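What shape does this take:
(2 chains)
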Protein chains: 2
Amino acid sequence: MSEILFNAFDMTCVSHQASGLWRHPQDQADQYNTISYWTNLAQTLERGLFDGLFIADVLGMYDVYGGGPQAALRNASQVPVNDPAMTIAAMAAVTNNLGFGLTATLSFEHPYPFARRMSTLDHLTNGRVGWNIVTGYLNSAAKGVGHAKQAGHDTRYEIAHDYLDVVTKLWNQSWDDGAVLRDRERGIFTDPDKVRRIEHNGPHFSIDAIHLCEPSPQRTPVLYQAGTSKKGRNFAAQFAECVFLAGPSALVARDAVRALRTEAAHFGRPREALKIFSLITIITDVDDASAQTKYEEYRQYVSFEGALTLMSGWTGVDFSTYAPDEPIKHIRNDAIHSAIDSLTVADPDRVWTIRELAEHAAIGGLGVTFVGGPQTIADKLEAWVDETDVDGFNLAYAVTPGSFNDFIDHIVPELQRRGRYKTAYKPGTLREKLFDTSEFQFVKGTRRESTETYVKRRP
Amino acid sequence: MSEILFNAFDMTCVSHQASGLWRHPQDQADQYNTISYWTNLAQTLERGLFDGLFIADVLGMYDVYGGGPQAALRNASQVPVNDPAMTIAAMAAVTNNLGFGLTATLSFEHPYPFARRMSTLDHLTNGRVGWNIVTGYLNSAAKGVGHAKQAGHDTRYEIAHDYLDVVTKLWNQSWDDGAVLRDRERGIFTDPDKVRRIEHNGPHFSIDAIHLCEPSPQRTPVLYQAGTSKKGRNFAAQFAECVFLAGPSALVARDAVRALRTEAAHFGRPREALKIFSLITIITDVDDASAQTKYEEYRQYVSFEGALTLMSGWTGVDFSTYAPDEPIKHIRNDAIHSAIDSLTVADPDRVWTIRELAEHAAIGGLGVTFVGGPQTIADKLEAWVDETDVDGFNLAYAVTPGSFNDFIDHIVPELQRRGRYKTAYKPGTLREKLFDTSEFQFVKGTRRESTETYVKRRP
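Model (predicted):
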């Protein structure tokens, strides 16, 4: 019975996974563009001993629904959306242990300046930064940078391989440990013999340069990935240290976890090398009845259109062209069906309509939503972990920061009583906190070693 | 007798303009990779009523000297160098009025994500951000992103025009004032009718997208530029609101200022639309003798090699191939001669050697260095402003934060007594603080208007 990991899930926008709830009187999501929202949130999360704050991002618009951006704009469906990297130093300044998982698309920026940005954040956070590797899924983002449409899905993963190759070489092979002397007596800041150029001529990126930063505490930020396609899973199985799944039912999540762990094993990676997080939203209070009342109150603020706008962006289906009561089974789209399949597991005979799917997704997106008091939620969380073999959860909010405060006040103590939640942070970097470094050691120097990151220490 | 403007000049690296002084016991430059260095500095500067902190940047290595990066690494000559954008939110969180001038090269990133980053910073700083537009001058940066060498100088300015065109359209034309309603009652966050796509098909950049951010306080960050070439001056005369010069003598600075103001007038821009800052380093103390003693003590830490490494990067001349006592006049290079000409104005008959040039540049780079007590320095500053027609100074440090503290403790009160330094911050954004908005109004909507920024209000 190990401790369950928890990341908070947020985004530098208004409507992240809960559509319409920005209208709730207690919701502060529309303060996304202030520093104090983020520093207050970071302090809250550290009070709650969260492992990290995971910040989602898109570099485009949800313009599938209705064939344009109108609904997304009206509902603030992940637009406007600010650059998530900009608040991390401010949050790091008011915390000591919280990790920061930064989403960054690699399709639209050269790896050389990006590698510097992540090294800088790793310095400033004292080794608490992670990188969620995203290849992008919105055509609007591609158009934003002058492409007629984004690169094909498989091509995007080829680019991702090459990109990761470049940045991990820069992070791990350009500056030796001990290269930086800071020797005031002899007047030597860096020993030039311990720094070398990275020469790389890949299919998509070329580089011939020294990394611009001295080695940061983690060198390579903790690598996150959320790919669920075949290519995405293959990529995650090789390189990711943390993986996010949006499994809306335990059976679906279980199958996804099993497939991922099996594929990782094929690459020689032990089970402990991969931490898997399941998307979840929790509505809680002192007891079940109060939680249910809160949930019903929240539902009054739900935006049907906002939920479908996000769903259309995620699935590529324009739901505005269907009647709300149309059964979803009539729509032929793999992404739809994976969402539906997961819902229907619990009740195979139920016919889901578009409206019902939207109502489901309006709080919690494509993840699962648990409603209940401390006992109920703790039971469900333990059961989910047991059934699915995930390591933890990515906790989205219905109302921010209320949902996080509720979790900290009601659920954390109960999980601690059960021995399923940490009572203090471990020392060290984010990687050292997440992984048992007495069992694993970090091997630097080659691409394979530096990106797969951990290998079992031989006795 | 208007107030003299002051920016602090720093860089997220160890040896910025003072070579070797990182070894001084009181110098904290090697703390460049911590948040506290930057938040402490920002608070210091706000105590001193500085207009802004201007952060330089390079995305490459000073590898001209000796034909490689060895000397730059040894002396920490602007390497390692972190991403300067990452600390701005943390500094903004502990200040209320200080501006932040961020240097960002536009040659290596698409304008779409860059426009979002600057809008984000403008939100988080509450309208206190500026952008120093740089086209890059180090071949090593171009090689870093896979080019054999950087684009030609003129081409870089063509790219800069196109880039500026895209980002100012995104900032000013995509979201109308009043587009964002935050209307919780009606459930409308943004009125879609007041948001539009930017379609741009320029010679270098294409875009077809809505800007990702809601309008920030300034929309367009205050535009800084440091170009001194003919093309650079032309660019600054059209678009820059603040310009930096590294005039090492008053006569040279005077001529540069005159040329720039004349060219700006040709573009219909009034004198007040352009604030010009001169690079300066000040060594001061309670009186002249103490300042001189301090200067002599600082000089013991100077690195001759470090100074020549920076000089080689700035001029393109490998000084390691010349004897230290060789007269500089023997070297045929325009950049050298402009530096030398400016030095020789005071003493036309003096023959400068490479060693002497390095000693001059080791504290203060290519700018001027003033040494003296409060009266002497204030006299010199006033005389410089009168002779050159600059609006203020870009204050580099010899020892950080010591040089800034010395300036605040000794020079600011003297300038205030003379009515040449503000005694409190003006309210408003950085642009509103720097410019007299009772005389000028900001006109949005077209490229010309949004980048030239201010036009005289007609009575």
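
Please make it C-alpha for all contacts and neighbour counts, starting now.
Fine.

what's across from A:Glu109 in the sheet?
Counting by DSSP bridges, A:Glu109 is bridged to B:Glu109.

Now do it, the pLDDT please.
pLDDT, A:Glu109: 80.

What number of residues are in the vicinity of it?
By the criterion of other C-alpha atoms under 10 Å in any protein chain shown, A:Glu109 has 16 neighbours.

nearest residue to the residue of the stretch 301-450 of chain A found nearest chain B other than its sequence neighbours?
In the stretch 301-450 of chain A, no residue comes nearer to chain B than A:Ser303, which is 8.2 Å away by C-alpha to the nearest C-alpha. Nearest non-adjacent residue to A:Ser303, counting by C-alpha to C-alpha, 6 or more residues apart in numbering or on different chains: A:Gly20, 4.4 Å away.

ok, back up a step: pretty sure the residue of the stretch 301-450 of chain A closest to chain B sits against A:Ile363.
No: checked against C-alpha atoms under 8 Å, the pair A:Ser303 and A:Ile363 is beyond contact range at 9.5 Å.

which one of these two has more residues nearby?
A:Ile363 (31 against 22).

That one against A:His16, yeah?
No: the pair A:Ile363 / A:His16 is not scored as a contact, 9.7 Å apart, by C-alpha under 8 Å.

near chain B, which residues of the stretch 101-250 of chain A?
A:108-113, A:116-117, A:119-121, A:123-124, A:140-141, A:143-146, A:182-185, A:187-193, A:205-210, A:212-214 (C-alpha under 8 Å from any C-alpha of the partner chain).

mind redoing it with 7 Å?
Neighbours of chain B within the stretch 101-250 of chain A, by C-alpha under 7 Å from any C-alpha of the partner chain: A:109-110, A:112, A:116-117, A:120-121, A:123-124, A:140, A:143-146, A:184, A:187-192, A:205-209, A:212-214.

Give me the buried subset of those residues.
A:109-110, A:112, A:116-117, A:120-121, A:123-124, A:140, A:143-146, A:187-192, A:205-209, A:212-214 (16 or more other C-alpha atoms under 10 Å in any protein chain shown).

Break down the stretch 151-300 of chain A into its strands, ranges please.
A:180-183, A:188-190, A:198-201, A:206-209, A:222-225, A:242-245, A:275-284 (DSSP state E, counting those that start in this stretch).

for the fourth one, the distance to its chain's centre please.
By that I understand strand A:206-209. 30 Å (C-alpha atoms, centre = their mean, to the nearest Å).

Direction included, what does that strand pair against?
Each strand paired with strand A:206-209, and its direction, by DSSP bridges: strand A:198-201 (antiparallel).

With the last one instead?
Taking DSSP bridges as the criterion, strand A:275-284 forms sheet pairs with strand A:242-245 (parallel), strand A:368-372 (parallel), strand A:392-396 (parallel).

can you check the fifth one too?
The strands that strand A:222-225 pairs with in its sheet are strand A:129-134 (parallel), strand A:242-245 (parallel) (by DSSP bridges).

and if you look at the first one?
For strand A:180-183, the paired strands and their directions (DSSP bridges) are strand A:188-190 (antiparallel).

ok, residues contacting the partner strand?
A:Ala179, A:Val180, A:Leu181, A:Arg182, A:Asp183, B:Leu73, B:Arg74, B:Asn75, B:Ala76 (C-alpha atoms under 7 Å, 6 or more residues apart in numbering or on different chains).

Would you mind measuring from the residue lying closest to A:Phe370 once chain neighbours are set aside to B:Thr429?
Using C-alpha to C-alpha, 6+ apart and skipping the chain neighbours, the partner closest in space to A:Phe370 is A:Ile282 (4.9 Å). Separation of A:Ile282 from B:Thr429 (C-alpha to C-alpha, to the nearest Å) stands at 40 Å.

Among these two, which residue is more densely surrounded?
It is A:Ile282, of A:Ile282 and B:Thr429, that has more neighbours when counted by other C-alpha under 10 Å, with 25 against 22.

Spit out the contact partners of A:Ala361.
Listed by C-alpha under 7 Å, 6+ apart, the contact set of A:Ala361 reads A:Ala307.

In which helix or strand does it reside?
Using DSSP states H and E, the element containing A:Ala361 is helix A:354-362.

repeat for A:Thr376
With DSSP H and E as criterion, A:Thr376 is part of helix A:374-388.

What are the buried residues along that helix?
Neighbour-count burial for helix A:374-388 flags A:Pro374, A:Gln375, A:Ile377, A:Ala378, A:Leu381, A:Glu382, A:Trp384, A:Val385, A:Thr388 (criterion: 16+ other C-alpha under 10 Å).

Residue nearest the middle of chain A, spatially speaking?
Centroid-nearest residue in chain A, with C-alpha atoms, centre = their mean: A:Phe54, separated by 5.0 Å.

Assign a three-state SS to that one, would you?
Secondary structure, DSSP: H, G, I helix; E, B strand; the rest coil: A:Phe54 is strand.

what residues are up against A:Lys121?
You called it Lys, but residue A:121 is Leu. A:Val129, B:Met86.

Surely it forms part of a strand?
No: applying three-state DSSP, one finds A:Leu121 to be helix, outside a strand.

got a list of what the closest residue to A:Thr120 other than its chain neighbours touches?
Distances taken as C-alpha to C-alpha, 6+ apart place B:Asn82 nearest to A:Thr120, at 5.4 Å, with adjacent residues excluded. By C-alpha under 7 Å, 6+ apart, the residues touching B:Asn82 are A:Arg116, A:Thr120, A:Cys213, B:Thr12, B:Cys13.

Same question for A:Ser278.
Residues near A:Ser278 by C-alpha under 7 Å, 6+ apart: A:Phe244, A:Leu245, A:Ala246, A:Gly247, A:Val390, A:Gly392, A:Phe393, A:Asn394.

Next one: it from A:Met61, what distance?
Taken as C-alpha to C-alpha, the span from A:Ser278 to A:Met61 is 25 Å.

just checking, A:Asp10 touches A:Leu45?
No: the criterion here is C-alpha atoms under 7 Å, and A:Asp10 misses it with A:Leu45 at 11.7 Å.
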